[in-house]
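A.B. asks: got a predicted structure plus its sequence, pasted below:
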Amino acid sequence: MQLPAIDGWLSLALALAALALSVLALARTRALEFAPEVLAGDVILPRASRLAGEVRLLLPLQFSNGGHADGIVEWVALRLTVDGDTQHSILLTPVAEVDMQRFIQAKRTLDAENTIEPFSAFPLEGKRSLAKFVLFDVAERPRAAPLELRPGRYGFELFMKSTATRHPRLERTFEHSLESRQIEDFRNDATVYLINYQITLPGVRRELASVEWLPRAPRA
């Protein structure tokens, strides 16, 4: 009379063992995958003197691979929405990678010595991180109208496509407020920094540890 109960417990034990093996196999598979992600939050408006007043956005990005397998980061893109007006969101694409040390030596002005064009796909090894400074411009230039600055709340959505995914994936969202004073500074040929002090970019900061490239966080 106890055989059905024993069979029930045995079936349950086998099912739990199979589930545990499945979870273990899944975790092991994911550990061996190419698992890229990108950290972002700061935005730089480089001096406009060499750009004839055009607005381009320079973003410090930190790419990291949580998996053990190597892979390729194929491209990134940025969608900008001002004051929540999604009907007029602007798509920006990467046009160059900037050598930040030379950029600072050139008094924060973009030139042929510190700008590597075009921005292209790059490999990312397993369990490694890589800092890049990527310059974005409005997509489909020169047909599209250039980006124009106005005071408001600027929302950023950063997308990434890699060999780990079939489609682009939204990686980060962040927001900055742009004031009239900052726009005037930019028009007067000053570099403007929009800094998210809540997000740390350890790889970026480590790469430029000897250079004061961003203003310090305000003291509490």
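C.D. replies: Nice, I can see it. Numbering: from 1, shown residues only.
A.B. asks: name the nearest residue to S177, sequence neighbours excluded.
C.D. replies: Using Cβ to Cβ, 6 or more residues apart in numbering and skipping residues adjacent in sequence, the residue nearest S177 is R153, 5.5 Å away. Using the backbone N, CA and C atoms, a C-beta is placed for each residue, glycine as well.
A.B. asks: state the distance from that neighbour to R141.
C.D. replies: R153 sits at a distance of 25 Å from R141 (criterion: Cβ to Cβ, to the nearest Å).
A.B. asks: circling back: now do the contacts for the residue nearest to S177.
C.D. replies: Neighbouring residues of R153 by Cβ atoms under 8 Å, 6 or more residues apart in numbering: 82-84, 175-178.
A.B. asks: check R169 too.
C.D. replies: By Cβ under 8 Å, 6+ apart, the residues touching R169 are 159-161.
A.B. asks: top of these by neighbour count?
C.D. replies: Counting neighbours by other Cβ atoms under 10 Å, M160 leads the contacts of R169 with 22 neighbours.
A.B. asks: quick check: that residue is in a strand.
C.D. replies: Yes: membership of M160 in a strand is supported by DSSP: H, G, I helix; E, B strand; the rest coil.
A.B. asks: that one contacts V134, correct?
C.D. replies: No: with contact defined as Cβ atoms under 8 Å, M160 does not reach V134; the gap is 11.2 Å.
A.B. asks: give the intersection of the neighbour lists for the two.
C.D. replies: V76.
A.B. asks: give me the below-cutoff pLDDT ranges for the chain.
C.D. replies: Scanning the chain for pLDDT under 70 picks out 1-15, 17-31, 49-53, 200-220.
A.B. asks: what about the helices in it?
C.D. replies: Along the chain, counting by DSSP state H, helices occupy 3-31, 100-105, 180-187, 202-207.
A.B. asks: got the domain boundaries for this protein?
C.D. replies: The chain breaks down into these domains under automatic domain parsing: 1-31, 36-207.
A.B. asks: what sits against the closest residue to V43 other than its chain neighbours?
C.D. replies: Using Cβ to Cβ, 6+ apart and skipping the chain neighbours, the partner closest in space to V43 is L194 (4.2 Å). By Cβ under 8 Å, 6+ apart, the contact set of L194 is 42-45, 154, 176, 178, 182.
A.B. asks: reformat the residues you listed as JSON lines; add neighbour count and distance to A112.
C.D. replies: Converted to JSON lines, the contacts of L194 look like this (neighbours: other Cβ atoms under 10 Å; distance: Cβ to Cβ, whole Å):
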{"residue": "D42", "neighbour count": "21", "distance to A112": "24"}
{"residue": "V43", "neighbour count": "22", "distance to A112": "23"}
{"residue": "I44", "neighbour count": "23", "distance to A112": "19"}
{"residue": "L45", "neighbour count": "22", "distance to A112": "20"}
{"residue": "Y154", "neighbour count": "19", "distance to A112": "29"}
{"residue": "H176", "neighbour count": "17", "distance to A112": "29"}
{"residue": "L178", "neighbour count": "19", "distance to A112": "28"}
{"residue": "Q182", "neighbour count": "18", "distance to A112": "27"}
